[in-house]
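Participant: What shape does this take:
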Amino acid sequence: MNVEFLEALRDLEKERNISADVILDAIDAALISAYKKNFGSSQNVRTEINRETGDFHVFSRKTIVEEVEDDKLEISLADAEKINPGYEPGDIYEEEVTPRNFGRIAAQTAKQVVVQRMREAERSVIYDEYVNMEGDILTGIIQRIENRNVFLDIGKTEATLTANEQIPGETYRHGDRLKVYMVEIRKTNKGPQVVVSRTHPGLLKRLFEQEVPEIYDGTVEIKSIAREAGSRSKIAVFSKNENVDSLGACVGAKGMRVQAIVDELRGEKIDIVKWSANPAEFISNALSPAKVIAVDVATDEKFARVIVPNYQLSLAIGKEGQNARLAVKLTGWKIDIKSAAEMNLTDEGEPLYDEGDEEDVLLEENFAENVENNDAYAAADNTEDTDYDGIFEEDADIFDDGDGALITDERGDAEEE
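Facilitator: Predicted coordinates for the structure are as follows:
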């Protein structure tokens, strides 16, 4: 090593933001390791690099003792006093042991250390740049696909989209541009590893922030998100400004804002509902698009019983329970959905008759119908005091067979049995 090498280190310090002192300290440690490895020495040594000239030296270090047990690590007091009478037991005696052919080894070691330090510095710069981007959206270009893992070029490094973080049914092709949510950045032996996701609820939140200025500036607030990636999502929004319609702001003119997000998520359905501090109202909104008759809440248990019209029950529950499941995630409440009939209500929420009253009403209606029905009325068990004149048609002939039975024929001609 020489002055030119030190100047090169200073240039690297300016260009790569790597401290020359840090590199020199690393070279110093590497030289010690190289000396012991190449010269089979187990003795205690240290190296010294002149920061002005670039010259280096290797020194053997031994502890001064009264009686020597290991001559590679210790030296007797008597031998040390021959060199310098001022030595005392416990002092360190140093002797230069720089090999004649150590220059080539030192140069190679220095090169390896500098390259390694440069790599570490670059990795550190990348880590520092991306560590503050956790929770943000990144746009990457698909570079390759290996074992179902998708690798994206996001600029200075590569991001990994694992199979678990991919939207079910979504296809990926080389060169496609993709928006992803940055989950975390990890330090590994091969450098920083950026982990991204397409299924994280945070991706939906960031997309709305990009598309809806009212959310970005804080006028409209996203209170909660429930997502089943690739299928359906629910998002609860709220605005403190009474003049701002939170739902309308998210949907946009002719649905353009929310449609842009749906397109980015490859057709994933999105329900936008209005958040409310009133649990009953919020739960009712969360079950949209189903209509709700009533909501009974148990605040201590965070449990709610929801009553919906009979024809809305399947819609409220959703396919395979998806709508109800997302509503539970969105609100954080346990929800039990009942139909109006199960709760003895009409679809309008009005109470039905109890079973006894209902039977009485039906009997009265049937009796009125029976009065109008000649045959049914004739069969009734109240024939003794009944005046039959005018009840039957004028051309019908009726007579008593002697047992109180009435007999007629279709032609109006009476026949005796």
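Participant: For the stretch 51-200 of the chain, which segments count as strands?
Facilitator: Using DSSP state E, counting those that start in this stretch, the strands of the stretch 51-200 of the chain run over residues 56-65, 74-76, 92-96, 137-146, 149-153, 158-161, 177-188, 191-197.
Participant: for the fifth one, which positions count as buried?
Facilitator: Within strand 149-153, the residues that qualify as buried by neighbour count (16 or more other C-beta atoms under 10 Å) are 150, 152. For every residue, glycine as well, the C-beta is placed using N, CA and C.
Participant: hmm, who's touching that strand?
Facilitator: Outside strand 149-153, the residues within contact range by C-beta atoms under 8 Å, 6 or more residues apart in numbering are 138, 140-145, 158-163, 166, 172, 178, 180, 196.
Participant: quick one: low-confidence ranges for the chain?
Facilitator: Scanning the chain with the threshold set as pLDDT under 70 gives 1-3, 16-17, 39-42, 353-417.
Participant: Enumerate every residue touching the spatially most central residue of it.
Facilitator: Centroid-nearest residue in the chain, with C-alpha atoms, centre = their mean: residue 200, separated by 3.0 Å. Residue 200 makes contacts with 165, 181, 183, as judged by C-beta under 8 Å, 6+ apart.
Participant: Can you report how many residues neighbour the last one?
Facilitator: Summarising burial for residue 183: neighbours were counted as other C-beta atoms under 10 Å, giving 20.
Participant: can I assume it is in contact with residue 196?
Facilitator: Yes. Between residue 183 and residue 196 there is a contact under C-beta atoms under 8 Å: 6.3 Å.
Participant: For the two, list the residues in contact with both.
Facilitator: Residues touching both residue 183 and residue 196 by C-beta under 8 Å, 6+ apart: residue 165.
Participant: and residue 239, how many neighbours does it have?
Facilitator: Counted with other C-beta under 10 Å, residues neighbouring residue 239 total 21.
Participant: so it bridges to which residues?
Facilitator: On the basis of DSSP bridges, residue 239 takes part in beta bridges with residue 220.
Participant: Tell me which residues touch residue 31, please.
Facilitator: Per C-beta under 8 Å, 6+ apart, neighbours of residue 31: 47, 49, 56, 58, 106, 109-110.
Participant: Dump those residues into CSV; add neighbour count as well.
Facilitator: Below are the contacts of residue 31 laid out as CSV (neighbours: other C-beta atoms under 10 Å):
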residue, neighbour count
47, 20
49, 19
56, 18
58, 21
106, 22
109, 23
110, 24
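Participant: From those, which land in helices?
Facilitator: 106, 109-110 (DSSP state H).
Participant: which of the residues you listed lies closest to residue 131?
Facilitator: residue 110 (30.8 Å; C-beta to C-beta).
Participant: distance of the nearest residue in space to the closest one that is not next to it in sequence from residue 116?
Facilitator: Leaving out its chain neighbours, the residue that sits closest to residue 110 by C-beta to C-beta, 6 or more residues apart in numbering is residue 27, at 5.0 Å. As defined by C-beta to C-beta, to the nearest Å, residue 27 lies at a distance of 10 Å from residue 116.
Participant: Neighbour count for those two, which is higher?
Facilitator: Between residue 27 and residue 116, counting by other C-beta under 10 Å, residue 27 is the more crowded of the two (25 against 13).
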